[in-house]
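J.: I would like the atomic coordinates for the input below:
(chains A and B)
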Amino acid sequence: MTRFPEREAPTVTELASGVVHAVTETGAGETSAPAFESSWGPLSAAARGRLHALLSRVDGASQTQVGYPCNQAFDYSELFPLFGYSLNNVGDPFATSNYRMSTHDIERDVVHRFAQLTGAEREDVWGYVTNGGTEGNMYGLYLAREMYPSGIVYYSEDTHYSVQKSLRVLGMRSIMIRSQESGAIDLQDLEETLRIHRDVPPILFLNVGTTMKGAIDDVGAARRMLEELRLGDHYLHVDAALSGMILPFVSDPPPWNFSAGVDSLSISGHKFLGSPMPCGVVLAKRKNVDRIARSIEYVGVLDTTLTGSRNALSPVVLWYALERFGAAGLKRAVAHCFDVARYAKLRMEAAGIPATLGKHSITVVFPRPSDEVVTRWQIAPLKGIGHLVVMPHVTHGMVDAFIEDYLAHPPGPGRPNHHGARSLPPPPVAAIMDLSTKVSER
Amino acid sequence: MKQIVVLTENHAGILADLAECLAARGINIEELQGDANQAGGVVHLTVDLYDEALVALRDAGFQAVSEDALVLRLADEPGALARVAAGFKSENINVRSMRILRREAGHTLVALVTDEPERAARIAGADVVVRAGG
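T.: Purely as a prediction, here's the structure:
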């Protein structure tokens, strides 16, 4: 297991002798010792113990993390030296900045690569690396509001809860639309609601891979609906937090990206690619972004991003992951996830656990497990269901161990999620061998 | 008197859990009314410490709706919410948000926030489960 390196604390004698520099006042042209050496005291044994305990806890938890869409299979140790600098990507990555310890060049590269993955022409979209999917979604809604201040946002009941927070922050009017059993937006409900508000520009917030069920809203049908209702002034944002890194690598993806006419799109970076910190990418049609540009003299940039100081390490992390994966590696990773997800569904069904798995989804949905299983495997339960999100680090063995635990600790009788599952039979070898996923040949 | 609506699961001990989570924060329940069906329950509460109660219920994992919202029970079918919206629109009531709280056997519970909650409640009529301001 990784351990934090021990660092000898400087003695009083060392400090006094100048072996370790103390804080000094310096004039112009003089050099001074780095403030770090002089002002940081040694880490106490108690504090170091706390760090060890933290590392141990996180390491242990990572062994059973199957309920959240966070890929654990990565190694960014080559980037560790970058932790020695005060990096900051303040401002627009496509503008110049007075702050030179940035990674804007790499951020631009990441944006271009994601543009390629999402069916966009490089020159037609603008974007930046965000703190995660929520910021990307908020940015899309912000753009929509600036374009259509009186617009109403329509989103399904399976939309991530953070969207309602963003709507509140942005002060946007909104109507929640029913979801189908699959988790996808109910198009009939959407159409009837749109008809009533034909005089108000609709802002459609659609999901490409819902949080709980991995369902994909029918972006193509929604677009056609807008045309048929002659709603010319409209905005279409897509939350593709997880599936945005999956659909580029399947052979028959549904319409979901800029090719399908969306105006903006948010993808998480820490989910499929994996990252030590939350991050993501937001992409938007450049012509829309240009309308809301604001000049910020303070840092000498034309800043169209939501925040001021921005994480400069996360673009490097994403770039590094894309370099290390390569297109072939991403395709293999997607195929692995489909295979293990299908395996999990089959194994659960064989064990008497009703499980569902949507098309193009790596999220296996089942009745909510007992509280101890929820805790041990870090399942995110909601309304009587739980899910297993098969990320690249999830193996057949983890799935088997999870199902055995699920069966060994069933939800209590009388609870609404009690389902009377039976013991786990041997693996259905024939079925496992026929895990035909349709991964793109590109 | 300010009111809180709590959407609960329907299993034994749920009311005790609810009362316990409030008592643990020193919050007194002044009135409690509830109804339940197979899908779950709807509990109407009045308490002495309103904001604290909302926090306590949230922390305990309950779905609590403050009195700012108008809660309606509608048929669980496509367009049901749209028809309510149409009624408000024809009366020039500005709806700030409409969200589905829960879908149960044949019905949907919906929370609405409007600029004119009292007038909205009158228009919604029999669909109202609880109106803003109690």
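
J.: And the residue located most distally from the centre of chain B, its phi and psi?
T.: Each residue of chain B has a distance to the centre, and by C-alpha atoms, centre = their mean the biggest one is for B:S90: 24.4 Å. With angles defined as degrees, to the nearest 10, B:S90 sits at phi -70, psi -20.

J.: Kindly state the pLDDT recorded for it?
T.: Per-residue confidence (pLDDT) for B:S90: 87.

J.: Check the gap between it and chain A for me.
T.: Using C-beta to the nearest C-beta, to the nearest Å, we find B:S90 at a distance of 10 Å from chain A. Just so you know, the C-beta spots here come from the backbone N, C-alpha and C atoms, and that holds for glycine as well.

J.: Across the sheet, point out what pairs with the residue nearest in space to the middle of chain A.
T.: For chain A, A:S268 is the residue whose C-alpha lies nearest the centre (C-alpha atoms, centre = their mean; 2.7 Å). Per DSSP bridges, the residues bridged to A:S268 are A:G280.

J.: Give the next helix or strand downstream of the longest strand along chain B.
T.: Determined from DSSP state E, the single longest strand within chain B is strand B:95-104. Per DSSP states H and E, the first helix or strand lying C-terminal to strand B:95-104 is strand B:107-114.

J.: Could you check that next one against chain A for contacts?
T.: Yes - for strand B:107-114, a contact with chain A is found by C-beta under 8 Å from any C-beta of the partner chain, at B:T108.

J.: so the helix or strand just after that strand versus strand B:95-104, what angle?
T.: The first helix or strand that comes after strand B:107-114 along the chain, using DSSP H and E, is helix B:117-124. Counting by axes from the mean of the first three to the mean of the last three C-alpha atoms, to 10 degrees, helix B:117-124 lies at 50 degrees to strand B:95-104.

J.: which helices and strands does helix B:117-124 pack with?
T.: strand B:70-75, helix B:80-90, strand B:107-114 (3 or more C-beta pairs under 8 Å, 6 or more residues apart in numbering or on different chains; DSSP states H and E).

J.: closest to A:G358 out of those?
T.: strand B:107-114 (22.8 Å; C-beta to C-beta).

J.: now the closest one and helix B:117-124, what's the angle there?
T.: Using the same axes, to 10 degrees: strand B:107-114 against helix B:117-124 is 140 degrees.

J.: Can you say which helix or strand has A:P253 in it?
T.: Counting by DSSP H and E, no helix or strand carries A:P253.

J.: For chain B, which residues are neighbours of chain A?
T.: Residues of chain B lying close to chain A (C-beta under 8 Å from any C-beta) are B:9-12, B:76, B:78-79, B:81-83, B:85-86, B:89, B:94-100, B:103, B:108.

J.: Can you select the buried ones from those residues in ChimeraX?
T.: Buried residues among the residues of chain B next to chain A (16 or more other C-beta atoms under 10 Å in any protein chain shown), as a ChimeraX selection:
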select /B:9,76,78,79,81,82,85,86,89,95,96,97,98,99,100,103,108
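
J.: Next, work out how far apart A:D252 and B:E67 are.
T.: A:D252 sits at a distance of 49 Å from B:E67 (criterion: C-beta to C-beta, to the nearest Å).

J.: Kindly report the same for B:V128.
T.: As for B:V128, its distance to B:E67 is 13 Å (criterion: C-beta to C-beta).

J.: Neighbour count for the two, which is higher?
T.: B:E67 (20 against 17; other C-beta atoms under 10 Å in any protein chain shown).

J.: circling back: so which other helices or strands are in contact with the longest strand of chain B?
T.: helix A:162-170, strand A:173-177, strand B:63-65, helix B:80-90, strand B:107-114.

J.: picking that back up, in contact with the residue nearest to the centre of chain A, which residues?
T.: Shown in contact with A:S268 (C-beta atoms under 8 Å, 6 or more residues apart in numbering or on different chains): A:P69, A:G132, A:G133, A:G136, A:A241, A:L242, A:G244, A:M245, A:P278, A:C279, A:G280.

J.: Quick check, pLDDT for residue 14.
T.: I went with chain A, as the question did not name one. 50.

J.: meant chain B actually
T.: pLDDT, B:I14: 83.

J.: Hmm, it is touching B:G34, no?
T.: No - the criterion here is C-beta atoms under 8 Å, and B:I14 misses it with B:G34 at 9.1 Å.

J.: When those two are compared, which one has more neighbours?
T.: B:I14 (18 against 14).

J.: how close does that one get to chain A?
T.: Look at B:I14 and chain A: by C-beta to the nearest C-beta, they are 11 Å apart.

J.: ok, now how distant is the residue farthest from the centre of chain B from A:I196?
T.: From B:S90 over to A:I196 (counting by C-beta to C-beta), the distance is 10 Å.

J.: so what's in contact with the two at the same time?
T.: Joint contacts of B:S90 and A:I196 (C-beta under 8 Å, 6+ apart) do not exist.

J.: mean confidence score for stretch A:395-411?
T.: Rounded mean pLDDT across stretch A:395-411 is 94.

J.: how about it as PDB, C-alpha atoms only?
T.: Output of stretch A:395-411 as PDB, limited to C-alpha atoms (Å, rounded to 0.1, in the frame of the first residue of the first chain):
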ATOM      1  CA  THR A 395     -14.500  -7.300 -12.400                       C
ATOM      2  CA  HIS A 396     -16.600 -10.500 -12.700                       C
ATOM      3  CA  GLY A 397     -15.200 -11.400  -9.300                       C
ATOM      4  CA  MET A 398     -16.400  -8.200  -7.700                       C
ATOM      5  CA  VAL A 399     -19.800  -8.800  -9.100                       C
ATOM      6  CA  ASP A 400     -19.900 -12.400  -7.700                       C
ATOM      7  CA  ALA A 401     -18.800 -11.100  -4.300                       C
ATOM      8  CA  PHE A 402     -21.400  -8.400  -4.300                       C
ATOM      9  CA  ILE A 403     -24.200 -10.800  -5.300                       C
ATOM     10  CA  GLU A 404     -23.200 -13.300  -2.600                       C
ATOM     11  CA  ASP A 405     -23.200 -10.500   0.000                       C
ATOM     12  CA  TYR A 406     -26.600  -9.300  -1.300                       C
ATOM     13  CA  LEU A 407     -28.000 -12.800  -0.800                       C
ATOM     14  CA  ALA A 408     -26.400 -13.400   2.500                       C
ATOM     15  CA  HIS A 409     -27.800 -10.100   3.900                       C
ATOM     16  CA  PRO A 410     -31.300  -9.700   2.300                       C
ATOM     17  CA  PRO A 411     -33.500  -6.700   3.000                       C
END
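
J.: touching chain B at all, that stretch?
T.: No - figure legend: stretch A:395-411 not in contact with chain B (C-beta under 8 Å from any C-beta); closest approach 11.3 Å.

J.: and A:S77, what does it touch?
T.: Listed by C-beta under 8 Å, 6+ apart, the contact set of A:S77 is empty.

J.: Could you tell me the model confidence score at it?
T.: 96.

J.: which phi and psi does it have?
T.: When quoted as degrees, to the nearest 10, the phi and psi of A:S77 stand at phi -60, psi -30.

J.: Quick check: the gap between it and chain B.
T.: From A:S77 to chain B the distance is 39 Å (C-beta to the nearest C-beta).

J.: returning to what we had before: what touches both of B:I14 and B:G34?
T.: Shared contacts of B:I14 and B:G34 (C-beta under 8 Å, 6+ apart): B:T8, B:G41.

J.: care to break chain A down by domain?
T.: Segmentation of chain A into domains, based on automatic domain parsing, reads A:81-322, A:326-433.

J.: residues contacting residue 72?
T.: You didn't say which chain, so I picked chain A. A:S62, A:Q65, A:G274, A:M391, A:H393.

J.: The chain in question should be chain B.
T.: Going by C-beta under 8 Å, 6+ apart, B:L72 touches B:V84, B:L109, B:V110, B:L112, B:A124, B:D127, B:V128, B:V129.
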